[in-house]
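Asks: Any chance you can model this:
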Amino acid sequence: MSTLRALVEARIAAQVTDFKEVAGAAGLTNILAGRIAAPGCYVFQEGSTASANKLGNAVSQREAIQLGVVITVRNVQDGRGGDADDASQALRDLVKTALLGWEPAGYEMIEKVDHKLISFANGFFITKDSYRTAHHIRSI
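Replies: Numbering: from 1, shown residues only. Prediction:
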């Protein structure tokens, strides 16, 4: 069984071919260590929240899961006058198109949560978009 992160990673890799690397948390460790493949895309689970249990003698909860999608590009101006923010935005739009409304197996449709600039130091422009989906967890 594939994890949600693996399903999302595979979806992005299949639909957005502009990335040199699409990876998970190990790739995120590389970002933090300064070893970045650009353009790169790194997917990880940011957290989850479960609803209150609906049953008295068993467990039935809806768990909302938030995923982070970090995109890295080189922080340079291109030959047409565009900059890293433009390059990042174009990739973010492709990822958004690949994910919004898609239902990974066993999960609800993916929706967008927010976007943040992480860094624009050391020659890289790094952003993070958060997406959310949910599934049901049960003890029976």
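
Asks: pLDDT value on the residue lying farthest from the centre of the chain, please?
Replies: Most distant residue from the mean C-alpha position of the chain: residue 57, 36.1 Å away (CA atoms, centre = their mean). According to the model's per-residue confidence, residue 57 sits at a pLDDT of 87.

Asks: Enumerate the positions of the host helix or strand of residue 91 that are buried.
Replies: Taking DSSP states H and E as the definition, residue 91 sits inside helix 84-99. Within helix 84-99, the residues that qualify as buried by neighbour count (16 or more other CB atoms under 10 Å) are 84, 87-88, 91-92, 94-96, 98-99. Yep, even glycine has a C-beta here, placed from its N, CA and C like the rest.

Asks: Equivalent analysis for stretch 114-129, please.
Replies: By 16+ other CB under 10 Å, the buried positions in stretch 114-129 come out as 120, 124-129.

Asks: thinking again about what came up before, next helix or strand past the helix holding residue 91?
Replies: Next helix or strand after helix 84-99 toward the C-terminus (DSSP H and E): strand 111-119.

Asks: which residues are in contact with that following strand?
Replies: By CB atoms under 8 Å, 6 or more residues apart in numbering, the surrounding residues in contact with strand 111-119 are 66, 70, 92, 96, 99-100, 125-133.

Asks: and if we set it to 10 Å?
Replies: Among residues not part of strand 111-119, those counted as contacts by CB atoms under 10 Å, 6 or more residues apart in numbering are 31, 46, 66-72, 75, 85, 88-89, 92, 96, 99-101, 124-134.

Asks: one step back: which one of the buried residues of helix 84-99 is nearest to residue 16?
Replies: Distances from the buried residues of helix 84-99 to residue 16 were compared by CB to CB; the smallest belongs to residue 94, at 4.5 Å.
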